[in-house]
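Undergrad: Need coordinates for the below:
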Amino acid sequence: MKTSLSTDHPTDSLRQLVREGYTKIAQETSAGGCGPGVSCCGSTPQEAEKLARELGYTVEELKALPDGVNMGLSCGNPAALAALQPGEIVLDLGAGGGFDIFIAGRKVGATGRAIGVDMTPEMLTKARGNIAHYRKETGFDNVEFRLGEIEHLPVADHSVDVIISNCVINLSPDKAQVWREIARVLKPGGRVAVSDMALLRPLPAEVLKMVEAMIGCVAGAVLVSETGRMTKDAGLTDIVLKSKAGYVEALTDWEDPLYKKLVGLLPAGAKPADYVTSLEVQARKP
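TA: Coordinates of the predicted model:
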């Protein structure tokens, strides 16, 4: 993808760039192919499993997934972070092909429900196509996928026990609105467990112009402190922000194509991990 990303793109244009990028990922992974390396812009099946194991997903969880669901788009393990319990209703923002939903569905069990929302029809087609396999393996009829934008969730007020999201909120052109929507749909006492990309310091202008960096969950990230502010402004409490530097360091060591390009755009001696981190966000609705 050669197009440059300008910071003056209207919101709809920015969203369309992201949608096109993830449409391509869905199509390429469905066809059995993907670019080299590991990152949240897509990975080969072998590298996607390597990344997932690094993030703490168990061998059993990964083996139980339908084929092609793990596309290497993760930067954390929110389903584990959420400590999901049987009977809970969990909502995944930007569910993609259903990777975290199919894991969450097993955790909440037959009396719970796992709902995935994604704005990319091709991702939803991929996810819905795997529901039959999931039902056969588990005996549960407890997962569904809805088309929608995370800034305008197709979910009723005060209806969800837990919200998870994996490397998605940073892609939104209106992150504050996403956090307001999170607060709207959570039940009182409901909780949030998000894994996302965040900045430790502002990125150089050259990086912000790269569409690859936006789709790869870097250029759309905001400072850790800003994430905390938006979470608080949305009315959430008990906010915990935990930086996980090892994720970016691992991708750099594995010579992920995006991070190799980033190294060339950073000041001499600087590393991607000096600027970018995987961030765990936990919070609760009063």
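Undergrad: what number of residues lie near the closest residue to L55 other than its chain neighbours?
TA: Leaving aside its chain neighbours, L55 sits nearest to N77 (4.8 Å; criterion: C-beta to C-beta, 6 or more residues apart in numbering). The way it works is simple: take the backbone N, C-alpha and C, and place the C-beta from them, glycine included. By other C-beta atoms under 10 Å, the residues close to N77 number 23.
Undergrad: Equivalent analysis for F145, please.
TA: 24.
Undergrad: My reading is that it is in a strand; is that accurate?
TA: Yes. Counting by DSSP: H, G, I helix; E, B strand; the rest coil, F145 is part of a strand.
Undergrad: would you list every one of the helices in this protein?
TA: With DSSP state H, the ranges of helices along the chain come out as 11-30, 45-54, 59-64, 78-81, 99-108, 121-128, 131-138, 175-185, 205-208, 211-215, 224-233, 246-253, 257-265.
Undergrad: tell me which residues of the second one are tucked away?
TA: Applying a neighbour-count criterion of 16 or more other C-beta atoms under 10 Å, one finds 45, 47-52, 54 buried in helix 45-54.
Undergrad: so what's R201 up against?
TA: 223, 274-275 (C-beta atoms under 8 Å, 6 or more residues apart in numbering).
Undergrad: hmm, which of those are the buried ones?
TA: Buried among those (16+ other C-beta under 10 Å): Y275.
Undergrad: coming back round to it: confidence-wise, which of the helices of the chain is weakest overall?
TA: Mean pLDDT values for the helices of the chain show the minimum at helix 211-215, a mean of 65.
Undergrad: Quickly note the distance from the nearest residue to Y57 once chain neighbours are set aside to L51.
TA: Leaving aside its chain neighbours, Y57 sits nearest to N77 (5.9 Å; criterion: C-beta to C-beta, 6+ apart). Relative to L51, N77 is positioned 11 Å away (C-beta to C-beta, to the nearest Å).
Undergrad: do D253 as well
TA: Taken as C-beta to C-beta, the span from D253 to L51 is 12 Å.
Undergrad: cool, A132 as well?
TA: 27 Å.
Undergrad: Kindly report the same for M119.
TA: Using C-beta to C-beta, M119 is found at 23 Å from L51.
Undergrad: Please apply the same query to V162.
TA: For V162, the distance to L51 equals 23 Å [C-beta to C-beta].
Undergrad: cool, V155 as well?
TA: From V155 over to L51 the distance is 29 Å, taken as C-beta to C-beta.
Undergrad: got it, and E60?
TA: 17 Å.
Undergrad: now do K107
TA: For K107 relative to L51 (C-beta to C-beta), the value is 21 Å.
Undergrad: so what's the residue nearest to Y57 up against?
TA: N77 touches 55-57, 166, 195, counting by C-beta under 8 Å, 6+ apart.
Undergrad: Present these as CSV; the columns should include distance to V143.
TA: Converted to CSV, the contacts of N77 look like this (distance: C-beta to C-beta, whole Å):
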residue, distance to V143
L55, 21
G56, 22
Y57, 18
N166, 16
S195, 20
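Undergrad: so which of those residues comes closest to G98?
TA: The closest of the contacts of N77 to G98 turns out to be N166 (C-beta to C-beta; 11.4 Å).
Undergrad: hey, what's the closest one bridged with?
TA: With DSSP bridges as the criterion, N166 is bridged to S195.
Undergrad: which residues sit in contact with it?
TA: Shown in contact with N166 (C-beta under 8 Å, 6+ apart): 73-78, 92, 94, 99-100, 194-196.
Undergrad: and if we set it to 6 Å?
TA: 74, 78, 100, 195 (C-beta atoms under 6 Å, 6 or more residues apart in numbering).
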